[in-house]
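K.L.:
turn this into a structure:
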Amino acid sequence: MSSPSSPQSHQIVVRNLTAADAPAVADISSRLYAVINSSWSEYSFLKLLRTFPEGQVGVEDNGKLVAFAFALIVDYALYGDEHTYRDITGGFQFTTHDRDGDVLYGIEVCVDPDFQGLRLGRRLYDVRKEICENLNLRAIIAGGRMPGYGRYKDELTPREYIDRVRKKEIYDPVMTFQLSNDFHVKKVLTNYLRADTESQSYATLIEWNNVYYTPPRPSLGTKSVVRLGLVQLEMRSTPGLQQFFDNVEFFIDAVSGYKADFVVFPEYVNAPLMAPFNAYGAAASIRKLAEFTEEIRDFFVRKAVEYNINIVTGSMPHYTGGNLYNIVYLCRRDGTWDFQHKLHITPSEVSDWGMVGGDELKVFDTDCGKVAMLICYDSEFPELGRLLAERGVRILFVPFCTDTSTGYNRVRYCCQARAIENECYVAIAGSVGNLPGVINMDIQFAQSAVFSPSDFSFPNQAIVSETTPGTEATLIADIDTDLLKELNIRGSVRNLRQRRHDLYQISLVSGQSSDPVVAI
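P.N.:
Numbering: from 1, shown residues only. Below you'll find the model as predicted:
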């Protein structure tokens, strides 16, 4: 039988890694890093693969995985040249991956000990360079181990050791290979990987520059300072659809005049149109109101383009397929639109109207980044906010409708918690006034607001701005989403990065029920 080093026995293929490679990754890693007792688990590999599948590549020989390389894209300015392996990987949670980043950061290269000497590492580095070029990233950066340094630590400083390796006076199995692949050493990192006793926790910060890199032109999608406009709408009986359109267009016009990027309306924004149907009874009248929903949506779509503003329409009843839903639309200023159903239905919505919940939690791309919408009661379920944060949401819009201060405070305090625990901004917009005789909508209480995380870069009490309670008003507030990146890396506390995934996990499970099923 041929040995691994026998030339005629090899059939080498370089490919992207898949979930089926998890056992082989864990096995190779555990054997290669047995000395330092630090290796990749199947769980960590699979999480990385879900985060950035195109950045994880491997080499197989005769169908067997024998080498692999892992990478992330990072916004390197957030870390600079002083960082640790834990910093750059987000504590193995890979929350540091940023598709809008500028650097491909290499976090692992492993070659099966039985297959070393075949220059498989060079193949992996060549593929990594192709990825960097194809994604138009400016450089590849990595922290390189110095496994040979332990033998010289008593006679050479790390800098002297690197110089000797560079002059080929000392052979280091990692650094010598990296230097031969056109990387240069930028500096020495201390305490880079504490478990790496072979390197005495030192590492070389190495870099390969992409000569084909073209700096991207600024675009709307890179906007970081976002202006929000919230409408605290007074509920008043409205005789017809045109009067409703006139009223909401007044607010769209006013908010857009301040060059706002979003205008946000409350839950059940069209409820004033329900009064003429009171005699039908609660269930029938809400279904009559739902007959206006698509026409109102189309109105908002047109106004988003006309006024150059993204509109969170506030929610409306929507009757389709024999079911009554609570739906909110996002009408983008480029003319496209999308929607989010309310997922958790309150007891009164069920008993009075026979409403049901949706079964999809959505994230929306906009010219101001990723946003999401949760309707009122949904904000009181922390699992939803966390799932959205894991998918990159930085602004969460919550249109709400509450009748008393007790109901309002549930929404308010839960939304403040969502902002802190998920390192995002939360904008809540509610209604005031009254609608006599309209079941479930007769009285309203609100204080609309924009909430932030709580740290030194954010406002005192984590409140960007808020309206006077109980009166019709608009609120204009600026938020800076770049501050969220800084918080995630250097915040006083780091709620997203320091979660104990070894103890608990949250995932959205698709099923037949109307509510999302969350496994913890």
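
K.L.:
okay, now Glu133: neighbour count?
P.N.:
Neighbouring residues of Glu133 were enumerated by other C-beta atoms under 10 Å; the total is 15. The way it works is simple: take the backbone N, C-alpha and C, and place the C-beta from them, glycine included.

K.L.:
which residues does it contact?
P.N.:
If a contact means C-beta atoms under 8 Å, 6 or more residues apart in numbering, then Glu133 has Asn210, Tyr212 as its contacts.

K.L.:
if I look at it, how far off is Asn16?
P.N.:
In this structure, Glu133 and Asn16 are separated by 16 Å, where distance is defined by C-beta to C-beta, to the nearest Å.

K.L.:
kindly report the same for Gly150.
P.N.:
Counting by C-beta to C-beta, the gap from Gly150 to Asn16 is 35 Å.

K.L.:
got a list of what the nearest residue to Lys223 once chain neighbours are set aside touches?
P.N.:
In this structure, Lys223 finds its nearest non-sequential neighbour in Cys368, 5.2 Å apart by C-beta to C-beta, 6 or more residues apart in numbering. When contacts are counted by C-beta under 8 Å, 6+ apart, Cys368 touches Leu220, Lys223, Val226, Asp261, Phe262, Asn310, Ile395, Thr481.

K.L.:
now do Asp172
P.N.:
Met146, Pro147, Gly148, Tyr149, Tyr161, Val165.

K.L.:
for PyMOL, what selects the buried ones among the contacts of Cys368?
P.N.:
Here is the PyMOL command that selects only those of the contacts of Cys368 that count as buried (16 or more other C-beta atoms under 10 Å):
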select buried, resi 226+261+262+310+395+481
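
K.L.:
would you turn the contacts of Cys368 into TSV with secondary structure and pLDDT?
P.N.:
What follows is the contacts of Cys368, written out as TSV (DSSP: H, G, I helix; E, B strand; the rest coil; pLDDT from 0 to 100):
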residue	secondary structure	pLDDT
Leu220	helix	45
Lys223	coil	78
Val226	strand	97
Asp261	coil	97
Phe262	strand	98
Asn310	strand	98
Ile395	strand	98
Thr481	coil	94
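
K.L.:
need the contacts of Cys368 in a markdown table (columns: distance to Phe52).
P.N.:
Shown next, in a markdown table, are the contacts of Cys368 (distance: C-beta to C-beta, whole Å):
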| residue | distance to Phe52 |
| --- | --- |
| Leu220 | 25 |
| Lys223 | 24 |
| Val226 | 26 |
| Asp261 | 29 |
| Phe262 | 29 |
| Asn310 | 28 |
| Ile395 | 23 |
| Thr481 | 21 |
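
K.L.:
closest to Thr468 out of the contacts of Cys368?
P.N.:
Each of the contacts of Cys368 was scored against Thr468 by C-beta to C-beta, and Phe262 proved nearest at 21.0 Å.

K.L.:
which residues touch the residue lying closest to that closest one once chain neighbours are set aside?
P.N.:
Counting by C-beta to C-beta, 6+ apart, Asn310 is the residue found nearest to Phe262 once chain neighbours are left out, at 4.7 Å. With contacts taken as C-beta under 8 Å, 6+ apart, Asn310 has the following neighbours: Asp261, Phe262, Val263, Ala304, Leu330, Cys331, Arg332, Arg333, Thr366, Asp367, Cys368.

K.L.:
can you flag which of these belong to strands?
P.N.:
For the contacts of Asn310, the ones inside strands are Phe262, Val263, Leu330, Cys331, Thr366, with DSSP state E as the criterion.

K.L.:
what's the most distant pair in the residues you listed?
P.N.:
Between all members of the ones in strands among the contacts of Asn310, the longest pairwise span (C-beta to C-beta) is found for Val263 and Thr366 and amounts to 13.0 Å.

K.L.:
these two - which one has more neighbours?
P.N.:
Regarding Val263 and Thr366, a neighbour count based on other C-beta under 10 Å identifies Val263 as having more, with 32 against 21.

K.L.:
adjacent strands (with direction) for the helix or strand where Ala477 lies?
P.N.:
Counting by DSSP states H and E, the element that carries Ala477 is strand 473-480. Strand 473-480 has its sheet partners listed here by DSSP bridges as strand 225-235 (antiparallel).

K.L.:
next helix or strand past the partner strand?
P.N.:
Heading C-terminal from strand 225-235, the first helix or strand you meet, by DSSP H and E, is helix 241-256.

K.L.:
just the element for the closest residue to Val493 other than its chain neighbours, please.
P.N.:
With C-beta to C-beta, 6+ apart as the criterion, Val493 has its nearest non-adjacent residue at 7.8 Å, and that residue is Asp455. When secondary structure is defined using DSSP H and E, no element contains Asp455, which sits outside every helix and strand.

K.L.:
neighbours around Asp455, how many?
P.N.:
A total of 17 residues lie near Asp455 under the criterion other C-beta under 10 Å.

K.L.:
then Asp334?
P.N.:
13.

K.L.:
same thing with the one 4 residues further on?
P.N.:
With neighbours defined by other C-beta under 10 Å, the count for Asp338 comes to 15.

K.L.:
doesn't Phe364 make contact with it?
P.N.:
Yes. Here Asp338 reaches Phe364: they are 5.6 Å apart, a contact under C-beta atoms under 8 Å.
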